[in-house]
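Student: Sharing a model prediction with you, sequence too.
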Amino acid sequence: MEKARQNGEKVHITCNIRVARASYPQLEGALGTGLRQDYGRISGLPRGTVYIPAEPLLIDQQGLDDHTLQLGPLVVGAQLGHLPSVGQAAVVAASPAYRQFAVAPLLAPLRGALGPAAQRRWWGELEAIAARGAQPGLPLQTATPGTAPARWLRGETRLVQSGRHWFAALAFELPARIRPPGERPGAGIDIGLATLATAALGETAATASRAAAPAWTHGPVGLRSPAHRVLYDALQYAAARASLEQLGERLIADAGFVATEELDLSSFQSRFPQRARRLAVIDWCWSTLPQMLHAHTIPLVRVDPRGSSRECHACRSRAPGQRQRRRFACHNPACGVVMDADLNAARVIGQRGAAALHRGA
């Protein structure tokens, strides 16, 4: 998801989501009939071959659930649940048949700490919701609070074959954020462990907090089925997405530019052992954040993060052992800075971003 354009007070964004492998043969069978090649390009998938669905498919288009997109007779596995909240809400609003579990009451507890008793209650509510099944006609149950209303531009849906993989590109129109004129500080973002992300914004800081994770082992034995695991993961993804999107709103309002680390995706397995949380961070860093910043003409620069956890933002010295878990303590006797380690790393990344923008000016 990497394309955005402004139209007056509206912003148009295009979101690329993964298509399930099981749907590949169906799409390949529709080439030349239901799908016509377009020689344009989809930003974020520059080497992909773009296909325009036939008009009847575009007209008869809706989401069926978090994992399924219907285009006329084509029923395609697609990660609608991994759209940004504003896009998913627009799909749900335009899709009368979209089925969801009524999980909204389970999201709020994930924003705080859950003791053993609270975890048992949470699992009991999950069991009851799962037993009632998914229902059509509900507003988006995993919406980020404060999500602005958007419109799904169904006529702009495209399917993209990139290498061996397929993606669906869905377009949306949403209100542009109003940014009053004036100088704004740059922001650096550190992807962390104790928190999902920490932003250093001038002399202030903002964080995307890690959601509470009711221990899977605390759940009743009957909840350990694959179906319940899918529901559990969807809630963890939505909670992480909400925290990250709220951090993004702060950056859109207050940042002059944003610098973030060039992610090594191979390291995410160890940094975020919980898969749903890891996917939320990847989707936000590589898709939602760049797209929203571009829509509001805020520069984004990616920097090499190597050494940022050991470098002091104040004196720029590097030394082994300066970072001890969540605490950073500079070993330079002339400096002696002691502070939150994630915030120090975010300031270092912001400084590197400012230098990269200066070199490119």
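Tutor: Sure, I can see it.
Student: Distance-wise, check R310 relative to A341.
Tutor: 10 Å (C-beta to C-beta, to the nearest Å). (C-beta placed from N, C-alpha, C; glycine too.)
Student: same question, S43
Tutor: As judged by C-beta to C-beta, S43 and A341 stand 35 Å apart.
Student: one step back: touching both of R310 and A341, which residues are there?
Tutor: Contact criterion C-beta atoms under 8 Å, 6 or more residues apart in numbering; residues shared by R310 and A341: R323.
Student: what separates the helix or strand hosting F328 from the chain centre, distance-wise?
Tutor: Per DSSP states H and E: F328 is located in strand 327-329. Strand 327-329 sits 29 Å away from the centroid of its parent chain (C-alpha atoms, centre = their mean, to the nearest Å).
Student: Just the pLDDT for D283.
Tutor: D283 is assigned 90 on the pLDDT scale.
Student: S43 and A341: who's more crowded?
Tutor: A341 (22 against 16; other C-beta atoms under 10 Å).
Student: Quick check on the more buried one: phi, psi?
Tutor: Main-chain dihedrals, A341, degrees, to the nearest 10: phi -70, psi -40.
Student: Check it and give its pLDDT.
Tutor: Value listed for A341 in the pLDDT field: 91.
Student: again with A276
Tutor: So, for A276, pLDDT stands at 81.
Student: Touching stretch 15-35 from outside, list them.
Tutor: Against stretch 15-35 from outside (C-beta under 8 Å, 6+ apart): 1-2, 37, 42, 44-45, 51-54, 57, 67, 71-80, 82-84, 87, 159-161, 165-172, 287, 291.
Student: Pull out the buried residues from that stretch.
Tutor: 15-17, 19, 23-24, 26-27, 30, 34-35 (16 or more other C-beta atoms under 10 Å).
Student: With pLDDT and distance to Q351 added, can I get those in JSON lines?
Tutor: Below are these laid out as JSON lines (pLDDT from 0 to 100; distance: C-beta to C-beta, whole Å):
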{"residue": "C15", "pLDDT": "90", "distance to Q351": "32"}
{"residue": "N16", "pLDDT": "91", "distance to Q351": "32"}
{"residue": "I17", "pLDDT": "93", "distance to Q351": "34"}
{"residue": "V19", "pLDDT": "96", "distance to Q351": "40"}
{"residue": "S23", "pLDDT": "97", "distance to Q351": "45"}
{"residue": "Y24", "pLDDT": "97", "distance to Q351": "45"}
{"residue": "Q26", "pLDDT": "95", "distance to Q351": "49"}
{"residue": "L27", "pLDDT": "96", "distance to Q351": "46"}
{"residue": "A30", "pLDDT": "95", "distance to Q351": "50"}
{"residue": "G34", "pLDDT": "94", "distance to Q351": "51"}
{"residue": "L35", "pLDDT": "95", "distance to Q351": "47"}
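Student: Looking at those residues, which are in strands?
Tutor: Judged by DSSP state E, strands contain the following of the buried residues of stretch 15-35: 15-17, 35.
Student: quick one: low-confidence ranges for the chain?
Tutor: Residues of the chain meeting the criterion pLDDT under 70: 1-8, 193-194, 216-224, 264-273, 320-321, 361.
Student: Of all residues in it, which one is nearest the centre?
Tutor: W284 (2.9 Å; C-alpha atoms, centre = their mean).
Student: For the nearest residue to that one once chain neighbours are set aside, what is the enclosing helix or strand?
Tutor: Once flanking residues are discounted, W284 sits nearest to L244: 4.2 Å by C-beta to C-beta, 6 or more residues apart in numbering. Take DSSP H and E as the rule and L244 turns out to sit in helix 226-254.
Student: Now do the strands in the stretch 51-200 of the chain.
Tutor: Taking DSSP state E, counting those that start in this stretch, the strands of the stretch 51-200 of the chain run over residues 61-65, 68-71, 74-77, 99-100, 135-136, 151-152, 158-162, 165-175, 187-191, 195-201.
Student: just to revisit the earlier point, which PyMOL command selects the buried ones in the contacts of stretch 15-35?
Tutor: This is the PyMOL syntax for the buried subset of the contacts of stretch 15-35, where burial follows 16+ other C-beta under 10 Å:
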select buried, resi 1+2+42+44+45+51+52+53+54+57+67+71+72+74+76+77+78+79+80+82+83+84+87+159+160+161+166+167+168+169+170+171+172+287+291
